[in-house]
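1. sequence first, then the predicted structure:
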Amino acid sequence: MANIAWLAPIGRLAARAFLQFQPYLLHVDQPANGVVENSADTIQGWFVAARSNDQEIVLQLAGVTLTFVPVERPDAKRIFGKSVTGFRAVVDTNEIALTPAAHGKDKNLQLVASGRVVASKPLRLLALDTAVAEASLHKRGAKREWLKQHLACPSCDAQTTPLVFEGDKIYCQACQASFENHGKVFNFLPEKFKREFQIAGWDNISAHSYDEVAKAVVEQARSNGGKVLDCGSGLRPYVDETVICLEVEEFPNVDVLGVNQKLPFQNEVFDAVLSLNVLEHVTDPFSCARELVRVLKPGGTLYCCIPFLQPEHGYPDHYFNATRSGLKQLFSRDLELLRHFVPASGEPIWSLHWFLSWYARELPLAEKTSFLNMRVQDILANSAQAMLQEPWVRRLSDDGKWSLAASTAALFRKVAEEQ
């Protein structure tokens, strides 16, 4: 379906006529080979529900309802019209493995309308293992017990006042604030924090494995019997008993919901802290940096990676990039610099490939074809000023301009105080 844009109008009419007889379709783009490899993973695609009306539409895998967010799919909409919904769904194979329906490795992703399966796609779950699922459940339980002794109220400075855990509630004895205990995660993300720190629902997911540096940091803490805070973990592929994952969304690996600006932990409790491509997504990286330092033990290790030349991207929003000096400025007053380097995930080729691929993606078809046929030499032969009137420059989409802009500008006005 990646190349459906070229189909003629008669093809689109035929596709929509087909929906009169087959009103529900389900297509999976990711994983492309139909194999879900990790315990925590994502599925991406689109579905058509031409007769949905007021029906409840859900996605299920092996009888488990998946959490998903709608995403724009203009490629499919060009063929099937407004009845298309793109989706990005989170899969927790450990949850599936512990359900009665988990038998065998071939499972169907099902589109369910008002309780009736209307379309399906087979998937293979490599990580579907009851023993692994039970071990992960035990690890999460052990981490929850550790957290009860090391959590602190993010609404006040009462670091030494123990929190009270009663059923599905958590209470601060100092300021009387209350928080939620979901059974899987401790939720220290009340609505007022979401408003204050502009936390929106996720429309994208950061899902990456640790690089060799992060793995070494975790293993060092593990050998010392300590704990690591993965601050802004995103979706990690498995549960690690050494790593406490904090996020703003309840992904399968997440232990605590909270914001970086007000971490719900006592002072100096972590042997190491990971902040991997997170600080560009927070409203105030300096206050976040102070919090990361606060919860780190004396002699502990902080591993921080922050973008420099990356396009604007949202998890769910993107505020600040930093130069190498900017990264040092965040922590130099409090921490000793051990090593400063460009990681493999930050090599300039990533920036080059990211910019060129995004640029091509945001062009109309004719200009995209022209752009892709250019050589690097063709671009560098002229000044940027001289190329401003080129069609492949002028016709870049507005989203493309915002995502790849060399700079942005704004005019502001100070509002007069009311008399």
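-> The structure has been received and is ready for your questions. In this text, all values refer to a predicted model and were calculated from it rather than measured experimentally.
2. all helices of the chain, in order?
-> Here the chain has its helices, by DSSP state H, at 9-18, 74-80, 93-97, 130-148, 191-196, 212-223, 285-294, 324-331, 348-361, 365-372, 376-380, 391-394, 398-404.
3. out of these, deepest packed?
-> helix 93-97 (a mean of 23; mean count of other Cβ atoms under 10 Å). For the C-beta atoms, the positions are set from N, CA and C on the backbone; glycine is no exception.
4. what about that one, average pLDDT?
-> Here helix 93-97 scores 92 as its mean pLDDT.
5. which helices and strands does it pack with?
-> strand 40-49, helix 130-148 (3 or more Cβ pairs under 8 Å, 6 or more residues apart in numbering; DSSP states H and E).
6. mind running it again at 10 Å?
-> strand 40-49, strand 57-61, strand 64-65, strand 116-125, helix 130-148 (3 or more Cβ pairs under 10 Å, 6 or more residues apart in numbering; DSSP states H and E).
7. looking at the helices of the chain, spot the one closest to Q159.
-> Across these, Q159 has its closest neighbour in helix 285-294 (9.3 Å, Cβ to Cβ).
8. so who does the residue nearest the centre of the chain touch?
-> Centroid-nearest residue in the chain, with Cα atoms, centre = their mean: I205, separated by 2.3 Å. The contact partners of I205, by Cβ atoms under 10 Å, 6 or more residues apart in numbering, come to 41-42, 44, 69, 88-90, 234-235, 249, 251, 315-316.
9. one more pass at 7 Å, please.
-> Counting by Cβ atoms under 7 Å, 6 or more residues apart in numbering, I205 makes contact with T42, R88, G234, L235.
10. top of those residues by neighbour count?
-> Of all the contacts of I205, the most densely surrounded is L235 (23 neighbours; neighbours counted as other Cβ atoms under 10 Å).
11. and it, how far from T42?
-> As judged by Cβ to Cβ, to the nearest Å, L235 and T42 stand 7 Å apart.
12. for N321, same thing?
-> For N321, the distance to T42 - Cβ to Cβ - is 25 Å.
13. would you mind measuring from R294 to C231?
-> From R294 across to C231, the span is 12 Å (Cβ to Cβ).
14. next one: G115
-> G115 sits 40 Å away from C231, going by Cβ to Cβ.
15. what does I57 give?
-> 35 Å.
16. of those two, which one has the most company?
-> Counting neighbours by other Cβ under 10 Å for I57 and for C231 shows that C231 has the greater number, 28 against 15.
17. check contacts around that one.
-> L246, N260, V273, L274, S275, V278, L292.
18. what's the neighbour count on the closest residue to the fourth one other than its chain neighbours?
-> Spelled out, that is L274. Distances taken as Cβ to Cβ, 6 or more residues apart in numbering place D230 nearest to L274, at 4.7 Å, with adjacent residues excluded. Counted with other Cβ under 10 Å, residues neighbouring D230 total 28.
19. return the residues in contact with D230.
-> V243, I244, C245, L246, L274.
20. for those residues, give me CSV that also has neighbour count, pLDDT and distance to I199.
-> Formatted as CSV, the contacts of D230 follow (neighbours: other Cβ atoms under 10 Å; pLDDT from 0 to 100; distance: Cβ to Cβ, whole Å):
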residue, neighbour count, pLDDT, distance to I199
V243, 26, 98, 22
I244, 23, 98, 19
C245, 24, 97, 17
L246, 24, 97, 13
L274, 25, 95, 20
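21. related to what we said a few turns ago, which among the contacts of C231 gets closest to P391?
-> Nearest member of the contacts of C231 to P391, counting by Cβ to Cβ, is V278, at 38.1 Å.
22. and the closest residue to that closest one other than its chain neighbours, what pLDDT?
-> Using Cβ to Cβ, 6+ apart and skipping the chain neighbours, the partner closest in space to V278 is G232 (3.3 Å). For G232, the model assigns a pLDDT of 92.
23. list the contacts of G232.
-> Contacts of G232 by Cβ under 7 Å, 6+ apart are L246, E247, N260, S275, V278.
24. likewise for V84?
-> W46, V48, R73, A76, K77.
25. can you check L163 too?
-> For L163, counting by Cβ under 7 Å, 6+ apart, the contacting residues are L151, C153, I170, Y171, C172.
26. and it, what are its bridge partners?
-> Assessed by DSSP bridges, L163 has beta-bridge partners C172.
27. and V64, by the same measure?
-> L61.
28. that one: neighbouring residues, count only.
-> By other Cβ under 10 Å, the burial measure for V64, its neighbour count, is 18.
29. then G45?
-> There are 23 residues near G45, going by other Cβ under 10 Å.
30. out of the helices and strands packed on helix 93-97, flag the one nearest T369.
-> Using Cβ to Cβ, the nearest of the helices and strands packed on helix 93-97 to T369 is strand 40-49, at 24.9 Å.
31. adjacent strands (with direction) for that closest one?
-> When DSSP bridges is applied, strand 40-49 pairs with strand 24-30 (antiparallel), strand 84-92 (antiparallel).
32. widest-spaced pair of the contacts of I205?
-> Within those, R88 and G234 form the most distant pair, 12.9 Å apart (Cβ to Cβ).
33. can you pull out the low-pLDDT segments for the protein?
-> Where the chain drops to pLDDT under 70, the residues are 1-19, 51-54, 101-106, 202-203, 411, 413-414, 418-419.
34. if we go to 80?
-> 1-22, 50-55, 100-107, 157-160, 200-207, 314-316, 407-419 (pLDDT under 80).
35. using a markdown table, lay out the helices of the chain together with distance to A410.
-> Shown next, in a markdown table, are these (distance: least, Cβ to Cβ, whole Å):
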| stretch | distance to A410 |
| --- | --- |
| helix 9-18 | 40 |
| helix 74-80 | 28 |
| helix 93-97 | 45 |
| helix 130-148 | 41 |
| helix 191-196 | 22 |
| helix 212-223 | 36 |
| helix 285-294 | 19 |
| helix 324-331 | 20 |
| helix 348-361 | 22 |
| helix 365-372 | 28 |
| helix 376-380 | 29 |
| helix 391-394 | 22 |
| helix 398-404 | 12 |
